[in-house]
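Student: Just the structure for this:
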Amino acid sequence: MAFQQGGGGYGGGGGFGGGSREMHKATCGDCQKECEVPFKPSGDRPVYCKECFSKRKAGGR
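Tutor: Model prediction:
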């Protein structure tokens, strides 16, 4: 039985739907405000607060 270990997996407990997710503190890459995100920031990519993420998603650059 071979176990293949791949990169970039987002496994783990919970998911959407049941109970509260663990939140992690981060600093927004745009406005520099402290915010909380439902994942542990790895540090190699910027993290955005809810407002800045919405702006970026809508194409407001």
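
Student: is it true that residue 49 touches residue 32?
Tutor: No. Counting by C-beta atoms under 8 Å, residue 49 does not reach residue 32; the two are 9.4 Å apart. Where you see a C-beta, it was placed from the backbone N, CA and C, and this is true even at glycine.

Student: between these two, who's got more neighbours?
Tutor: Per other C-beta atoms under 10 Å, whichever of residue 49 and residue 32 has more neighbours is residue 49, with 20 against 9.

Student: contacting residues around that one?
Tutor: Applying C-beta atoms under 8 Å, 6 or more residues apart in numbering, one finds that residue 49 lies in contact with 28, 30-31, 33, 35.

Student: how near is it to residue 27?
Tutor: 9 Å (C-beta to C-beta, to the nearest Å).

Student: overlap in contacts of those two?
Tutor: 33, 35.

Student: how many other residues sit next to residue 57?
Tutor: 9.

Student: so what's it up against?
Tutor: With C-beta under 8 Å, 6+ apart, residue 57 has no contacts at all.

Student: Alright, that wraps it up for me.
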